Structure formats: structure tokens, C-alpha cells
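K.L.:
Structure of the sequence below:
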Amino acid sequence: MSNRFTQYILAAMVLGIIMGSAIYNFLPDTRADWASSINLIAMMFLRLIKMIIAPLVFATLVGGIAHMGSGSKLGRIFAKTMGWFISASFVSLLLGLVMVNLLQPGANFPGTLPQAGQSTGLPVSAFSIEKFLTHLIPTSIADAMAQNEILQIVIFAVFFSVAMGSMPERSKPILAMIDDVGHIMLKVTSYVMLFAPLAVWAAITATVAKNGLAVLWKLVVFMGGFYLSLAILWTILVIVGFIVIGPRYSHLLKLVREPLMIAFSTASSEAAYPKTLEALNRFGASSRISSFVLPLGYSFNLDGTMMYCTFAAVFIAQSYHIDMPLGTQLAMLATLMITSKGVAGVPRASLVVIASTLAQFNIPEAGLLMIMGIDTFLDMGRSATNVIGNTLATSVVAKWEGELGPEHELGPGDVVPEDMVPGEVPAMAGHG
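P.N.:
The predicted structure is shown next:
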């Protein structure tokens, strides 16, 4: 079933490229209408994903933490998780900085540069602790779930599950209900994912029909350099995976093929969340770990996005022949390290972060106009990289905590079976 599903997605991507190119080349007057109409299918799929994310995150996270045991264990896992996220973010930002200086994609830029005063229309504002904290804590859990604010849901879920742990007898019925909700949501996820190949076809077709493949050649040096950098980052992540987890890490890479292709083709790592969670549980990562680390990773561990921030910012500076000494670039890296953590839930987050950073270093924000036309193609690689980075982070934390158990084999339509960690209560039913 898994192999057939992967083949369906690959076929959908190829078909999307062919049909999108045909629309772009042979229907020039109506290609925008075609792209808009076809993209509705992809948008419906993404809305289905958004529909299940909030209850899925809440149920799996509360169930996982409630079964986790003492508060000290939760604190230890949180410290290890954030330590990994900060280290991975630093490596990603630094790699982007090194590669853009080695490749110099902005030097002698052949195109016409946008005038420095032009506006990108992005909501540019400087980072502040006040903004970050007010976004971090929800004013209403109902609003947070309605807006799919994963980080806010995580905050509430932690408080809720810790409170449940302090009242074990009273919380037994509620925990059983939450376990059942989580089990049901994974079943709903399996139904929603049946539409993934159709959504992949629609997303690719609409993107190519609207922009054409020729647009890529205008910035081929920039795109080529960025994807080369992503390949190096993937190599580093895979090597670290084999070092920490061992030879069985190769099986995790096979399990995440589907979420990787979904993230790449839809340019949305959020669309891959349910399948990523399933892959991790099939790999043997305890649901207590995966349901806690993975949602946090979607806010704090966006490796592909991090690397893009330094790569794109310095590329724009190179294009405008703005000298950036090493000290200035390191200051930019430090700035991005902080500001990038405060935009969870912001649409087109990477572009917003870059625009804010450019303003702080007197680099024309208008430079983003050069790459906004191909941003969807760049976002495909970023989204897939975010998925591989978060699966690695989750499996590594599970390994460190001794909660990386045997792999589970699933049949068509099955949900993940229960897992048992020696000496502890069972994890949430259906999520091991």
C-alpha cells in the first residue's frame, strides 16, 4: 500500500508538470484562470489538513504528556528538544551563510534590479519580546484551535496535561476519552490522505501553469545554489541520523518518503504533519515523544527555512553590491536566530523574517521582489527539508530517552498500534 501510494504521488507530480506546461504554453490567455481553478483542488486538500491538525495535535500531545509520568521527565525532554532545535538552527543558518559566500549567486546579477524604494507588501516589523510572548500564549484555546496556532495549542496542552497528571483519579475518564479522540483522528487522517495524489497533481499543475518552467531560468544560479545547499544540509542531517540512531535510520528515510513528497509538491510542511507523525510512530518512536517534539519542531525547528533566510538575505545584498563584512554577516545570523523563532503561524514566514532583517541592515527590501516570483519553487525544497529535520529531531530525542522501540508494520487503513515502554503505563492507544 505504501509503495503504491508513493507511486501515485510521483505519477501525480509528473502529470502535473506536463499538464501545467501545456496550459502555460498553449493557453496563454486563460492560463491564469486555469491555474486558479485547478488550485482550488489543492486548497481544498490543505483545508482538510488544517481541519484535522488542531484536534490531532491536542489529542496526541495531551495523551502523550499525561502518560509521560513526572514533571521532571517532561522538563528533561523539553531541554533536550530545545537544545537540539537551537543547534540545528545555528548549523542551518551558518551553512546558508557559508554557501552564499562561496557561490556568490548575487554577483553580476544579469537581471534588472527592482528600485530600492519599492514595497514588497509584506508585513515588515522589527522583532520584539512583547510580540513574541503575546503570540506564544493564547487568549483563548478555542481561537488558537480555530486559527491552527500549533505553538499556542502546545502551550495549553502542556498546562492541561500536567494538571491532569496531578489529579490521576479524576482525570482517568478524560484521558480515556482523549485517547479515543486521538485514535479516531488518526483514522480520519487516513481518509483525508487518500486525496493526497489528487492534491499533489493540482498543486504542481497550478504552479507550473501560472509561472511556467521558464521562470526558473531567470534565477537559475540562485535556485541552483540554494538547492545545492539544501542537498548538503540533507547530507549532514542524514549523517547525523546514522551516527546517533544507527543503521536502522535508513528505514526511517524510507518511511518518510510520502510526507516528504507531499511537503515538496504542496510547498507546505503542515500538509505532511499527519503522515510524518504516523511514520515516526511506525518507526518505533514513542508517541509520548513524537506527539511532544514534532509540534514544537513545526514552530522552532524549520531547518530549510533557516538556511534560506541567510542565503536569500546575503544574495540580495550581493545583487545590490552592498558590502557585508564577516562581522555584519555574523550579526545578521544572530538576529535571524532570534527573530525566526517569533513568527510561528505568520503567513509566508520566511519572506517576512527576511524582509524584517533586511531593513535592520540597510539592505533594500525591494530585493525580495526578484525572488518572490519563484518563491513557491523554493518553498518546495524548504518544506521538504523542514520535514526531514523534524523527523530526525524526534527520533534522536526518542533515542536519547530510551523510547525508540521496535518498528511497527501496518496494513492498508490501519492505525498505529499501542506501544509499551518497560516500567511505564501504555502510551496513548493507537499512537505507538
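K.L.:
ok, now how distant is residue 393 from residue 31?
P.N.:
Distance, residue 393 to residue 31, by Cβ to Cβ, to the nearest Å: 40 Å. All C-beta atoms are positioned from the backbone trio N, CA, C, and that covers glycine.
K.L.:
Between the two, which has more neighbouring residues?
P.N.:
Taking neighbours as other Cβ atoms under 10 Å, residue 393 and residue 31 compare with residue 393 leading, 24 against 21.
K.L.:
Now do the contacts for the more buried one.
P.N.:
Listed by Cβ atoms under 8 Å, 6 or more residues apart in numbering, the contact set of residue 393 reads 81, 84-85, 88, 293, 297, 301.
K.L.:
Please repeat the previous calculation with a cut-off of 10 Å.
P.N.:
80-81, 84-85, 87-88, 237, 293-294, 296-297, 300-301, 303 (Cβ atoms under 10 Å, 6 or more residues apart in numbering).
K.L.:
give me the element it is part of.
P.N.:
helix 375-400 (DSSP states H and E).
K.L.:
what residues are up against residue 8?
P.N.:
194, 196-198, 200-201, 258, 261.
K.L.:
Make a ChimeraX selection of whichever of those turn out to be buried.
P.N.:
Buried subset of the contacts of residue 8, written as a ChimeraX selection, criterion 16 or more other Cβ atoms under 10 Å:
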select :196,197,200,201,258,261
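K.L.:
Mind putting the contacts of residue 8 into a markdown table with pLDDT?
P.N.:
Shown next, in a markdown table, are those (pLDDT from 0 to 100):
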| residue | pLDDT |
| --- | --- |
| 194 | 87 |
| 196 | 87 |
| 197 | 89 |
| 198 | 91 |
| 200 | 88 |
| 201 | 92 |
| 258 | 88 |
| 261 | 90 |
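K.L.:
any chance you could map the helices in the stretch 251-400 of the chain?
P.N.:
For the stretch 251-400 of the chain, applying DSSP state H, counting those that start in this stretch gives helices covering 257-266, 273-283, 287-300, 303-319, 326-339, 349-360, 368-372, 375-400.
K.L.:
Could I get those in CSV, plus columns for distance to residue 9?
P.N.:
Putting the helices of the stretch 251-400 of the chain into CSV (distance: least, Cβ to Cβ, whole Å) gives the following:
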stretch, distance to residue 9
helix 257-266, 5
helix 273-283, 11
helix 287-300, 21
helix 303-319, 19
helix 326-339, 33
helix 349-360, 24
helix 368-372, 27
helix 375-400, 12
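K.L.:
Could I get the phi/psi values of residue 147?
P.N.:
Per-residue torsions, residue 147: phi -90, psi 0 (degrees, to the nearest 10).
K.L.:
and what of residue 321?
P.N.:
When read as degrees, to the nearest 10, the backbone of residue 321 gives phi 60, psi 40.
K.L.:
Surely it touches residue 107?
P.N.:
Yes: counting by Cβ atoms under 10 Å, residue 321 touches residue 107, with 8.6 Å between them.
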